[in-house]
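predicted coordinates and the sequence they were generated for:
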Amino acid sequence: MAKMAASFIESRMGLLFMVCVTFFVGGSLAVDRGNFKTCDQSAFCKRQRAMKPGQSPYRALLDTLELSDSRLTLQLINDNNKVHLLLELYRLQGNMTRVKINELKPLKPRFEVPDVLIAEPPTEPLSVLSQDDNGVVLSLGAESQRLIVSARPFRLDIMEGPELLLSLNSRGLLAFEHLRLRKDTLSYKISSTIDSMWNKIKWVFSRQADAEGVDKNENVDGAEQQEEDKAADGESDKDEVQDGMWEETFKSHADSKPNGPTSISLDFSLPGVEHVYGIPEHADSLKLKTTDGGDPYRLYNLDVFQYELYNPMALYGHVPVLLAHNTQRTLGIFWLNAAETWVDISSNTAGKTVFGKMLDYVQGASETPQTDVRWISESGIIDVFVMLGPKPTDVFAQYASLTGTQSFPPLAGLAYHQCRWNYNDQDDVRAVDQGFDEHDIPYDFIWLDIEHTDGKRYFTWDPHKFSQPKEMLQGIMEKKRKMVAIVDPHIKVDGSYKIHSEIRSRGFYVKNKDGGDYEGWCWPGNSGYPDFTNPEMRAWWASQFAYDQYEGSMENLYTWNDMNEPSVFNGPEVTMHKDAMHGNWEHRDVHNLYGLYVHMATTEGQIQRSGGTERPFVLTRAFFAGSQRYGAVWTGDNAAEWDHLKISIPMCLSLGLVGISLCGADVGGFFKHPSTELLVRWYQTGAYQPFFRAHAHLDTPRREPWLFGPENTALIREAIRQRYALLPYWYQQFYQAHKTGHPVMRALWVEYPKDTATFTIDDQFLIGRDLLVHPVTEEGARGVTAYLPGAGEVWYDVHTFQKHNGAQNLYIPVTMSSIPVFQRGGSIIPKKLRVRRSSSCMENDPYTLIVALNPQRTAEGELYIDDGHTFNYDTKKEFVHRSLTFANNSLTSRNLCLDCQFSTKSWIEKVVILGASKPNKVTLKMDGKDSSVEFEFDASMSVLTLRKPGMNAGADWTVLLQ
């Protein structure tokens, strides 16, 4: 009876909780801004932003300079409060400079971000070129690059020849709130009284020493030294106490701030720069806007329901990397800090019209465009990497050398994913799976949201709705398909739940400020939050994905980490209290790392369960710098609105610029119900974005692709089939991203860095170098205007093979079936045109090569093939990598990896050459033999089609047009 009563109470409480949550999640039509802070409501941001540009109080003490092979150190002093800082400068391999600033003698250590850098970055020697009382000039090696340290006030300038590339603290906004003792506590009053007595004793003895003729240079005491001693102890009389320094309240939530004010700030000036990008994630344009007169861009991982568009509010994940670009150079700033961060951007050209800029030019105005960027973080140290490019691809490689590249996903991860909150039970899963087959629509993954679990207990299955998970998984495995199940990092507080009991018994939960386990409300109700900053906790979490631990799991079950900002429904700003404790560190220090660590531990668990042989697939909502190493991200809880479709493009482009290529948005919109037109257009857009998943909220009508009438089913089917036909190209692009750090989905300016017309384009994009996509994102559109870049280049419509010149705006009439996509002249793209029910079913199918000739009648491309799912490409060099080149009327396949061992059953079924002339005959040269090849030529479109040349995709061969 007691158990029945407890069960009844729990179910009633759960029902009440779900009613509240449903109202909280689904009851509002847009984000409640009142739940989230503005800069004025964030005490440290308000404090720092009150500082205006001017003379910096910091000066460099040049007599403290020490230079070793790898670094320069130098003390800085704040002349207002006499606090000493330690500046460290490093010249890093690959044309980067690292700047670190910390307190010289902090009261306790300040947090420095671990686990984001893949290794300690290798350094190169610094050398002093000149030094005087005003500063020191250092050589940065390459191309007469110099780093100038100015002493009074302190400032850093990076020069290349006569050109100033970047300045630090040129606006005097360096601010470093040192750790200090709180003055209104009993312990402070006792210690300050003792210190005061001790200082008086020292002063008496020093006066006595002076009277006895001791050299005064040996006793630098006196008032100034006493002031510096007090500052070092964190008690300068000149420190002004302001509201929010020692405690802060937001709505009903108190932040105890036991360490007091610890914020940091630094400004960067970028002369010659008008366009800056990056610092995702924000639902905003690709080019970052100036923040004068509004809030700065906020970087603080938060669970934001139905986020608003075109504003700088924080969202689910953040990467503190900003790129600056002009026609001469691209450079990057990586601010390695995991605390709440705000970024202010100002520009001297902001607000000027095109006419105003032309007038400046005509009148000979001498003002050089300049963008100023100011970073403000709540705690930690200043640790910044300046990536000096000079090309966009150089900056990508520099950042990848620091934080790693995009993980190489299994091929199936790049195919189509079908998801909703929630598929009801095993019968529902079976019916949806069967529906795809009945309507001849391919898919690779079906997803299960939180309702598949036993009462929101992750790593479990609902005993009634999903009572035979292995039977379900086996059923989709037989069709060469896979499943993703959600595993969130909030753990139901329930003594009978094994996961909770083990975490609690091992002491692995985050602690509250009083030392107990931190608890908050999330989907299961009262929940604990594992401390993923603890490597032992991460190792234990990874072990739970083993097949003998995760009951019902099989090798075709993969994972989705949601709510890992972390989301705490009853916490401040729907997240964890900043004074919660992760070991010795406050949550405020590590907040933006939490999602990265959850993703890291889950990915490691998937790798371990296969003995290290199988590549993982893990989707995360929260992320940070380095998250690219662990899998995919998506843009969170969007809405079924046209503007949300449009914003998916700049949001994913911004992520690509900072290393995260495997990005997508919920197709159709998570909240609300899309019109059929919007749904079709979203499928057409999503089919050309890296992570392609349809998803929908619990309260929305069902949205499987065949539920909107035969005509719309056919349109959606065609979009998905286009994705599957292009999978060889997508896979090859992700291999390159994994090797180089280059983005897969690219802003046009990345490939056309001198073309100013591309600098603000964010309604179209490139996939790799060779495909340009301009999705239709306007309701009722009859046409779109696409910019085709590249003077002297040509682009081919991939559907009609119509040729168009580059460097023009092209108007394209569209119907509901139109997806404007163009292939660059000079490229060769592999496709598989025999689309089957899943990507695995297409493994041995033949290839079609699309050869698009440039005006010089040449083209080049690559073909990459491996087993599609293991690490053997890396550990055993088991892959095919071919160079494909067309020149002098011959198409040649050449091996790019001579010591690779991999065989493929796939062959070349067709070659389509765009921009060709009609040959008299076509000959295949292979294995020392010549054979003729059938062909047909369309003179109206200049398209030559070679039919069934028949060579193996992994072989050496040449096709000669005569």
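Yep, that arrived. Computed from a prediction, not measured in an experiment: that's the story for all the values here. Numbers count the residues shown, from 1 in each chain.

going forward, measure contacts and count neighbours with C-alpha atoms only.
OK.

run through the bridge partners of residue 482.
Beta-bridge partners recorded for residue 482 (DSSP bridges): residue 445.

show me where pLDDT drops low in the stretch 801-950 of the chain?
Counting by pLDDT under 70, the stretch 801-950 of the chain contains no low-confidence range.

where do the helices of it begin and end?
For the stretch 801-950 of the chain, applying DSSP state H, counting those that start in this stretch gives helices covering 872-875.

how about low-confidence regions in this structure?
Within the chain, the stretches with pLDDT under 70 are 1-29, 142-143, 185-240, 350-366.

go with 50
1-28, 213-226, 232, 234-235, 237, 354-355, 358-359 (pLDDT under 50).

what residue spans form the domains of it?
Following the TED database, the chain resolves into domains at 58-177+263-280+305-403, 846-961.

contacts for the host helix or strand of residue 681?
Using DSSP states H and E, residue 681 maps to helix 676-686. Helix 676-686 is contacted by residues 640-642, 645, 664-665, 667-668, 692-693, 708, 712, 715-716, 719-720, 775-777, 779, 816, 819 when judged by CA atoms under 8 Å, 6 or more residues apart in numbering.

how about the domains of the chain in JSON lines, adding distance to residue 600?
Output for the domains of the chain, formatted as JSON lines (distance: least, CA to CA, whole Å):
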{"stretch": "domain 58-177+263-280+305-403", "distance to residue 600": "10"}
{"stretch": "domain 846-961", "distance to residue 600": "17"}
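
in JSON lines: those domains, plus mean neighbour count.
Converted to JSON lines, the domains of the chain look like this (neighbours: other CA atoms under 10 Å):
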{"stretch": "domain 58-177+263-280+305-403", "mean neighbour count": "19"}
{"stretch": "domain 846-961", "mean neighbour count": "18"}
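
quick one on the thing from earlier: give the buried residues for the helix holding residue 681.
Judged by neighbour count using 16 or more other CA atoms under 10 Å, the buried positions of helix 676-686 are 676, 678, 679, 680, 681, 682, 683, 684, 685, 686.

neighbours around the residue lying closest to residue 819 once chain neighbours are set aside, how many?
Distances taken as CA to CA, 6 or more residues apart in numbering put residue 775 closest to residue 819, at 5.9 Å, once the chain neighbours are dropped. Neighbours of residue 775 under the rule other CA atoms under 10 Å: 25.

hmm, back to that, then the helix holding residue 681 to CSV, C-alphas only?
Presented in CSV, the C-alpha positions along helix 676-686 are these (Å, rounded to 0.1, in the frame of the first residue of the first chain):
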residue,chain,number,x,y,z
THR,A,676,3.1,23.4,-46.3
GLU,A,677,5.0,26.0,-48.3
LEU,A,678,7.3,26.8,-45.4
LEU,A,679,7.8,23.1,-44.6
VAL,A,680,8.8,22.3,-48.2
ARG,A,681,11.1,25.3,-48.4
TRP,A,682,12.7,24.3,-45.1
TYR,A,683,13.4,20.8,-46.4
GLN,A,684,14.9,22.3,-49.6
THR,A,685,17.2,24.5,-47.4
GLY,A,686,18.0,21.8,-44.9
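
which SSE is immediately downstream of that helix?
Sequence-wise, the next helix or strand downstream of helix 676-686 (DSSP H and E) is strand 692-694.
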